[in-house]
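Asker: Next come a sequence and a model predicted from it.
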Amino acid sequence: MPAPTLQGGGVIVEVLAAHLPAYTKAVVKGNRGALPVPLTLGPSCVGRVIDVAPDVFHVDPGDIVLDTALLDAGGGDEVLVGWVGLGGAGAGSERTDRMRAVWRDGVFAEKALCAKETLVKLPGAEHHPDPARLAFLPWLCIAAAGLHAAGPLTGRDVAVVGATGQLGGAAVLVALAEGAATVTAVGRNEKALDRLAELGPRVRVHRLTGDRTADAAGVGPVDVALDALGATPTADATMAGYDSLRVRGTLVLVGGVRQDLTIPYGDLMHRRLTLRGSWMSDAETVTTVWNLVRAGLLDLSAVELLTAGLDDPAGALELAERTTGLGFVALVP
């Protein structure tokens with residue numbers, strides 16, 4: 001591909017590291033939604049600003065930035081640049097089609113043209129000893145946005161359903177960093193659960209049994225349940241998270257469950273429960289998470305980093321597909 005050309009509202013960045021999600025191979029096969037092909041894939045990265053358009057004022061050449069990929073035109077029209085996923089009702093519109101036509105390519109490249117709205121400056125990141133590890137920041141920010149939807153976490157009991165996936169593992173790290181009294185990691189992968197248990201004494205683990213009643217009892221009672229599950233054959237694990245809530249608890253949905261949830265009206269009302277949805281994150285959340293990392297409250301050394309280059313795309317996809325929990329692949333051009 002030729003080097004990107006600067007355009008209005010744009011920023012050219014040198015890609016330092018980009019997260020290669022575990023499901024990228026499914027995206028390439030067309031199993032996760034439509035893409036405006038041909039395009040350069042890549043939903044997010046940490047990069048160094050090379051050049052900015054005249055109408056860009058919040059970042060300058062030399063700055064280290066996080067590209068969130070989330071381009072928001074307001075009114076529910078949101079797209080993930082270089083990736084699958086649409087905000088609002090998720091159905092897309094004439095306006096999202098135009099957004100994707102103007103901002104098509106992602107960041108799996110040496111250099112990328114990014115919309116100014118997708119970039120958040122990371123002060124001090126130029127001194128971070130391992131930029132590739134910062135590629136996990138977008139997952140941490142998505143998890144944090146979901147947790148923040150339930151209010152402050154300090155001193156509260158939190159459960160992460162689907163904790164053995166990458167997003168769930170990120171949520172465990174964020175909940176610990178933000179002062180949760182306990183974090184219950186819920187999942188099926190015993191090896192990944194054992195790894196999460198090693199994070200500290202505040203972490204509890206529950207291996208899903210498939211029995212909703214038993215799982216709810218094993219998880220709860222908790223104040224916050226974050227559902228980070230991917231596609232599942234039933235909604236039983238998600239509803240076990242719902243059942244595990246204390247009075248005035250909150251269930252937040254951030255995952256990829258494709259099932260409808262049957263919420264009992266009287267139970268939701270009498271227990272004063274809250275059900276929230278969360279998708280992606282915003283600049284404020286990115287700054288909050290980055291400050292946790294800078295302060296040493298969120299230790300990225302807990303994340304198992306694997307790296308891949310641009311020379312073997314198929315091998316990179318296979319490697320990413322095998323990662324789970326606190327392991328992830330960073331594409332380092």
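Answerer: The structure has been received and is ready for your questions. Numbers count the residues shown, from 1 in each chain.
Asker: what sits against the residue nearest to Leu193 when sequence neighbours are not counted?
Answerer: Using Cβ to Cβ, 6 or more residues apart in numbering and skipping residues adjacent in sequence, the residue nearest Leu193 is Val205, 4.4 Å away. C-betas here are computed from N, CA, C, even on glycine. Going by Cβ atoms under 8 Å, 6 or more residues apart in numbering, Val205 touches Ala163, Thr184, Ala185, Val186, Leu193, Asp194, Leu196, Ala197.
Asker: can we see that at 6 Å?
Answerer: Residues in contact with Val205, defined by Cβ atoms under 6 Å, 6 or more residues apart in numbering, are Ala185, Leu193, Ala197.
Asker: got the buried residues for stretch 241-255?
Answerer: 241-246, 249-255 (16 or more other Cβ atoms under 10 Å).
Asker: and that stretch, how far out from the chain's middle?
Answerer: The chain centre lies 19 Å from the centre of stretch 241-255; the measure is Cα atoms, centre = their mean, to the nearest Å.
Asker: Three-state assignment for the most centrally placed residue in the chain, please.
Answerer: By Cα atoms, centre = their mean, the mean C-alpha position of the chain lies nearest to Trp139, the distance being 2.9 Å. Following DSSP: H, G, I helix; E, B strand; the rest coil, the label given to Trp139 is helix.
Asker: Could you report the distance from it to His206?
Answerer: Note on Trp139: its distance to His206, by Cβ to Cβ, to the nearest Å, is 22 Å.
Asker: next one: Gly169
Answerer: 15 Å.
Asker: More neighbours: which of these two?
Answerer: Gly169 (32 against 22; other Cβ atoms under 10 Å).
Asker: Pull the contacting residues for the more buried one.
Answerer: Gly169 neighbours (Cβ under 6 Å, 6+ apart): Gly325, Leu326.
Asker: repeat for Asp51
Answerer: Contacts of Asp51 by Cβ under 6 Å, 6+ apart are Leu6, Ile12.
Asker: List phi and psi for it.
Answerer: Main-chain dihedrals, Asp51, degrees, to the nearest 10: phi -150, psi 150.
Asker: Just the pLDDT for it.
Answerer: Predicted confidence (pLDDT) at Asp51: the value is 97.
Asker: do Pro129 as well
Answerer: 89.
Asker: Next, count neighbours for it.
Answerer: By other Cβ under 10 Å, the residues close to Pro129 number 5.
Asker: about what we covered before: how close does the residue nearest to the centre of the chain sit to Gly165?
Answerer: Taking Cβ to Cβ, one finds Trp139 at 10 Å from Gly165.
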